[in-house]
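> whatever this is, show me its structure:
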Amino acid sequence: MKKFIPVFTLAIALASCGGEPKADTPATTDNAVEKSAVVADSTNSDGPSDLVYPQEKHLKNMRQLTFGGDNAEAYWSTTDDALVFQATNPKWGVSCDQIYVMNMADGTPDSIPPAIVSTGLGRTTCAYFMPGNESIVYASTHLANDSCPPVPERKEGRYVWPIYESFDIFTADLEGNILSQLTETPGYDAEATLSPNGDKMIFTSMRSGDLELYTMNIDGSDVKQLTNTLGYDGGAFFSPDGSKIVWRASRPTTDEEVAKYTGLIAEGLVEPTNMELFIANADGSDARQITTLGNANWAPFFHPSGEKILFSSNHMSERGFPFNLYMINIDGSGLEQVTFDEAFDSFPMFSYDGSKLVFASNRNNGRTRNTNLFVADWVD
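Sure thing, here's the model as predicted:
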């Protein structure tokens, strides 16, 4: 999954395989509505666009894929013809996040849900296509309870995210049938994503007593711990050639920070308001921090070149929002702002052919708190 601070607070649940904000984002401001009206008349070199802001030079031909509810963490099939994502939409008859698959030849009609591929029970997060695109991997709490687990109250006015110990990682076919359970250790296991060659996955687990990164084979065997530093390590992705990983992490250092972090962890909670990005070799070696921006920097994903990282950040914000997409070189240089929304842009993923970007945004939401999915052509 930051600084989610009053007056309007971004309640972002950072389970993201990229991090997982799920935004209880502020309703779009009047200024943003006026901005959208201006943008509706904007053009780029390839014709008119009513969703791309004029400053967004890397994006064109944007299309909105969902219309209402909370939709996030959309990830491509390896053939770039489908997306798997998580959503909560009252019109679809579920009370908390479930996993859906969308054929990219279709959008998502306002009143008809796409195909649900999770059980419909408990809470789910972080789905990803398995090799062959005939199955998915995702995390779910359904073994513990059919109902949604409770959402914790704020701690002294601060936003906290629950580390549900009932999350385990499963594979399922595209009909929603569970194929296998990959984790069985006590405590949180979630945020799984696959390597490009499809033989390994990386995930976050509490099995050591802290939130650390691990890899395992796609059948759940050969589990290896990659990180071992106090703080929340999560939302990891492999580079396009599989040689590196990028992730978000908190690093409490002062006595006060350590006490706060460990106290919350003991309650099954984290406060994901200060996160920076780290990069390492795929085996966890040569780990190094690549951002020192402050606030929340998360949901990183490698540019198709493998030489840059696209990520979400509110480091320019004093009130917790907006979150926008930024790009940075893997050595930490060359920071560039990519999106310019006034509320929330996050969860970016490039298509495997590098031509398109899918992400979640509060743009064009009619002054609601809806977070929708968008896809655009990528322009380098």
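> quick one: the strands in the stretch 201-350 of the chain?
212-217, 224-225, 233-238, 244-249, 269-270, 276-281, 288-289, 297-302, 308-313, 324-329, 336-337, 345-350 (DSSP state E, counting those that start in this stretch).
> who touches the first one?
Contacts of strand 212-217 from elsewhere in the structure, counted by Cβ atoms under 8 Å, 6 or more residues apart in numbering, are 182, 199-205, 207, 222-228, 233-234, 236, 245, 247, 282-284. Heads up, the C-betas are built off the backbone N, CA and C, glycines and all.
> each with direction, which strands does it pair with?
Applying DSSP bridges to the sheet, strand 212-217 is found paired with strand 200-205 (antiparallel), strand 224-225 (antiparallel).
> deepest in the core, which of the ones you listed is it.
Mean neighbour count (mean count of other Cβ atoms under 10 Å) peaks for strand 200-205 among those, with a mean of 24.
> chain center to that one: distance?
Distance, stretch centre to chain centre, for strand 200-205: 15 Å (Cα atoms, centre = their mean, to the nearest Å).
> contacts for that strand next, please.
Applying Cβ under 8 Å, 6+ apart, the contact partners of strand 200-205 are 128, 137, 169, 183, 185, 187-195, 211-218, 226, 233-238, 242, 245, 282.
> not counting sequence-adjacent ones, nearest residue to Ala192?
Leaving aside its chain neighbours, Ala192 sits nearest to Phe203 (4.1 Å; criterion: Cβ to Cβ, 6 or more residues apart in numbering).
> state the distance from that neighbour to Gly235.
10 Å (Cβ to Cβ, to the nearest Å).
> residues shared between the contacts of the two?
Common contact partners of Phe203 and Gly235 (Cβ under 8 Å, 6+ apart): Glu191.
> nearest to Asn295 among the strands paired with strand 212-217 would be which one?
With Cβ to Cβ, the closest approach to Asn295 among the strands paired with strand 212-217 belongs to strand 200-205: 20.8 Å.
> now the closest one: average pLDDT?
Mean pLDDT, computed over strand 200-205, is 98.
> also stretch 95-111?
Stretch 95-111 comes out with an average pLDDT of 81.
> before we move on, what about stretch 219-231?
Mean predicted lDDT for stretch 219-231 stands at 98.
> same thing with stretch 272-288?
Rounded mean pLDDT across stretch 272-288 is 96.
> was I right to think Trp76 contacts Ser351?
Yes: Trp76 sits in contact with Ser351 when judged by Cβ atoms under 8 Å, with a separation of 5.2 Å.
> what's near enough to touch Asn281?
Per Cβ under 8 Å, 6+ apart, neighbours of Asn281: 243-245.
> adding pLDDT, write the residues you listed out as JSON lines.
Formatted as JSON lines, the contacts of Asn281 follow (pLDDT from 0 to 100):
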{"residue": "Ser243", "pLDDT": "98"}
{"residue": "Lys244", "pLDDT": "98"}
{"residue": "Ile245", "pLDDT": "98"}
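> worst average pLDDT in the strands of the stretch 201-350 of the chain?
strand 269-270 (a mean of 94).
> ok, residues contacting that strand?
14, 152, 155, 160-163, 211, 232, 250, 261, 264.
> again, only this time at 6 Å
The contact list for strand 269-270 (Cβ atoms under 6 Å, 6 or more residues apart in numbering) reads 160-162, 232, 264.
> partners of it in the sheet?
strand 161-162 (antiparallel).
> for the next helix or strand after the strand it pairs with, packing partners?
Downstream of strand 161-162, the first helix or strand assigned by DSSP states H and E is strand 168-173. Here strand 168-173 touches strand 135-140, strand 178-181, strand 189-194, going by 3 or more Cβ pairs under 6 Å, 6 or more residues apart in numbering; DSSP states H and E.
> please identify the deepest-packed of those.
Greatest burial across the helices and strands packed on strand 168-173, using mean count of other Cβ under 10 Å, falls to strand 189-194, with a mean of 27.
> and the angle from that strand to strand 297-302?
Put simply, strand 189-194 runs at 20 degrees to strand 297-302, going by axes from the mean of the first three to the mean of the last three Cα atoms, to 10 degrees.
> which residues touch the nearest residue to Gln181 once chain neighbours are set aside?
Take Gln181 and drop its neighbours on the chain: the residue closest to it by Cβ to Cβ, 6+ apart is Phe170, 5.4 Å away. With contact set as Cβ under 6 Å, 6+ apart, Phe170 has these partners: 140, 178, 181.
> quick check, nearest of those to Leu310?
When those are compared against Leu310 (criterion: Cβ to Cβ), the nearest one is Ser140, at 27.5 Å.
> what about the nearest residue to that closest one once chain neighbours are set aside, distance to Asp233?
Residue nearest to Ser140 in three dimensions, not counting chain neighbours: Thr124, with 4.6 Å by Cβ to Cβ, 6+ apart. Thr124 sits 21 Å away from Asp233, going by Cβ to Cβ.
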